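Q: Sequence and predicted model, in that order:
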Amino acid sequence: VDSDRRDLDMNSKDVDAEMIIRFIRMNELRLVTEYNPVTAVGVMQSSLQLNLLLITDKMSPKHPERMHRYRAAAELFKGKILFILVDINLNSNERIMSFFKLKKSQLPALAIFHVPDEEQDVLTLDEVSVERVQDFCNRFSQ
């Protein structure tokens with residue numbers, strides 16, 4: 001995941017098939033998956049029921065710091081929520097903005113989506129922080 005090696009302790013007596021499957025599932029995806037025509041199929045077929053989208057402008061000078069904080073928050077929810085980056089500069093991503101009823105003036109924003117029942121919520125942000133992402137995810141999942 002994101003060029004960071006993870007190892008499963010195979011010497012433990014607790015290792016079973018379910019533990020190995022869980023380890024692989026948690027580590028097969030990047031912490032943050034960028035949404036584009038190539039990754040769209042994988043995102044849609046994810047086994048995770050909750051998707052959290054950071055809808056933002058990748059060309060912004062604040063983008064690297066936003067992504068650093070977003071990835072840190074993603075680590076807290078690994079295996080529970082699929083964290084997705086949506087770049088508004090891609091024309092193909094305009095549908096996502098309209099789906100969540102967002103305008104460019106409201107960005108950056110977080111949009112959370114529960115796949116089975118299509119329940120959703122949106123939070124516009126001045127600044128992406130680990131705490132705000134964590135609070136937003138926890139509130140929605142409760």
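A: Cool, the structure landed.
Q: Which strand or helix spans the spatially most central residue of the chain?
A: The centroid of the chain falls nearest to F83 when counting by C-alpha atoms, centre = their mean (0.6 Å). Per DSSP states H and E: F83 is located in strand 81-87.
Q: Same question for A111.
A: A111 belongs to strand 109-114 when elements are defined using DSSP H and E.
Q: For the helix or strand that the strand holding F83 is followed by, name the packing helices and strands.
A: As assigned by DSSP H and E, the chain's next helix or strand after strand 81-87 is helix 94-99. With contacts defined as 3 or more C-beta pairs under 8 Å, 6 or more residues apart in numbering; DSSP states H and E, helix 94-99 has these neighbours: strand 50-56. The way it works is simple: take the backbone N, C-alpha and C, and place the C-beta from them, glycine included.
Q: and the angle from the strand it packs on to strand 81-87?
A: Orientation of strand 50-56 against strand 81-87 (axes from the mean of the first three to the mean of the last three C-alpha atoms, to 10 degrees) gives an angle of 20 degrees.
Q: Run through who's touching stretch 129-142.
A: With contacts defined as C-beta atoms under 8 Å, 6 or more residues apart in numbering, stretch 129-142 is touched by 50, 52, 69-70, 72-73, 76-77, 81, 110, 112, 114, 121, 123, 125.
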